[in-house]
Structures are given as structure tokens and as C-alpha cells.
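Engineer: Quick check, what structure comes out for this input:
(2 chains)
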2 protein chains.
Amino acid sequence: MLLHPKASIAVIFCARRTDEDEAGYQAAATAMGELAASQPGYLGQDHARSADGLGITVSYWQDDASAKAWRDHPDHARIRDEGRDHWYSEYSLHVARVERAYDWRK
Amino acid sequence: MLLHPKASIAVIFCARRTDEDEAGYQAAATAMGELAASQPGYLGQDHARSADGLGITVSYWQDDASAKAWRDHPDHARIRDEGRDHWYSEYSLHVARVERAYDWRK
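Structural biologist: Now for the predicted structure:
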């Protein structure tokens, strides 16, 4: 959980999982998380998933060009197709530009 | 899980729960979700929380004025103080303007 600067790009991915292939999904999620983290312009990501299968992943990027380059990465595109075939029943994706941010720690 | 228009505002709240007062937290989360949904400019929200206590709530607002009005709502401010006192060990909040969005359904 990091604080990201004004004008960085937040990619908000909200997805409902099928019951299918949890092991394959977990392996792909881990691999994609690591691959994303090695891309230029990557700032960080947060992920939560409820027991009912609804997951939210927010990845943050230095600028729109780096967010789009990750969208177009061939390994990412391939996994996205697998996601539609097997892992997800629905998803939404919002790309948004950070206007202000705060954090707090006890 | 709804698709929200370009220029709407996404408020991305990422929080780590303490182990304290799950019942109080749940009651407050439900009440705040309902109160948010009754505010002018509210478009919807998505929420996921992992077993390890990390939760992400993204609420969407028609414009920045409605997002700020919700931030400043007295009941919301009071619950935010309770959250810092009891329910959260840390959180981040990013306010971002939607630039593009997609969704997909099987």
C-alpha cells in the first residue's frame, strides 16, 4: 500500500471469478504481478479478493504511456485471453488519473 | 460492478484492518455504503476484502464536487474517526478522474 503522486495513472480492475481452475489462476496472477512490476513506469499495486470471488486489483503507473504499454504487452494479452476463457465471469476496467492522494498509519 | 463514464471520479480506498471489533466495523461499513448510495452524484461502488484483512473499496462519483461533499458529510467524518481509532492500522486514498473504461461479461 503506497501513496502515488498526482497525475499518475490508476488502472482499476474489478473481476468476478468463475469457480474454475483456482491453481491456474493463482499461478497466472503471481506471474502477471511479477511481470507488471518489472515494466517501465510501474509504481505498485494493491489487490483484495473476497470469499465470494469478487476481486479488485489497482495498479499504478507513472503515466498513460506506461499503462498502455503494459496493456499491450504480449504475455499480458495472452493471459487476458485465458482469463476470459476460464477465470472470469465478468470484469470492469477503469483507467483514471490521480488528482489527489492521502495516507494514514496508526 | 458497473461501467462508469469518462470524467467521473473514482475514490480508491485501500485499508488494512486491525483485528478489533469486526461486528462494529461491519455495521459501520453497511451503514456508510447505504448512506453513500443516497448522496447526490453517487454512481456506485465495488468492494473486496481478503482474508488477511486488506480491503479495497472504489466508489464512483459524477464529479469532484459530489466526491468532496461525501468526504465532508458529518456522519462520514465521524465514522472515519472511529475507523482510525479502532478498525484500521493503515490506509491510502487516491482520488482519480476516469479517462477510459471497459467491461466484459461471459
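Engineer: Three-state assignment for residue A:36, please.
Structural biologist: helix (DSSP: H, G, I helix; E, B strand; the rest coil).
Engineer: so who does it touch?
Structural biologist: Neighbouring residues of residue A:36 by CB atoms under 8 Å, 6 or more residues apart in numbering or on different chains: A:42, A:45, A:59, A:70, A:76. C-beta coordinates here come from the backbone N, C-alpha and C atoms, glycine included.
Engineer: Next, give phi and psi for residue A:5.
Structural biologist: Torsion angles at residue A:5 (phi, psi; degrees, to the nearest 10) stand at phi -80, psi 160.
Engineer: Next, count neighbours for the nearest residue to it once chain neighbours are set aside.
Structural biologist: The shortest distance from residue A:5 to any residue other than its chain neighbours is 7.0 Å, reached at residue A:98 (CB to CB, 6 or more residues apart in numbering or on different chains). The local packing of residue A:98 (other CB atoms under 10 Å in any protein chain shown) involves 21 other residues.
Engineer: I'd say residue A:98 and residue A:9 touch.
Structural biologist: Yes: using CB atoms under 8 Å, residue A:98 is in contact with residue A:9, at 7.4 Å.
Engineer: what do the two both touch?
Structural biologist: Common neighbours of residue A:98 and residue A:9 (CB under 8 Å, 6+ apart) are residue A:60.
Engineer: just checking, which of the contacts of residue A:36 belong to strands?
Structural biologist: Among the contacts of residue A:36, DSSP state E puts A:42, A:45, A:59 in strands.
Engineer: What residues are bridge-paired with the first one?
Structural biologist: Read it as residue A:42. Note on residue A:42: beta-bridge partners by DSSP bridges are residue A:61.
Engineer: Give me the buried subset of the contacts of residue A:36.
Structural biologist: The neighbour count (16 or more other CB atoms under 10 Å in any protein chain shown) marks A:42, A:45, A:59, A:70 as buried among the contacts of residue A:36.
Engineer: Of those, just say which sits nearest to chain B.
Structural biologist: residue A:45 (10.1 Å; CB to the nearest CB).
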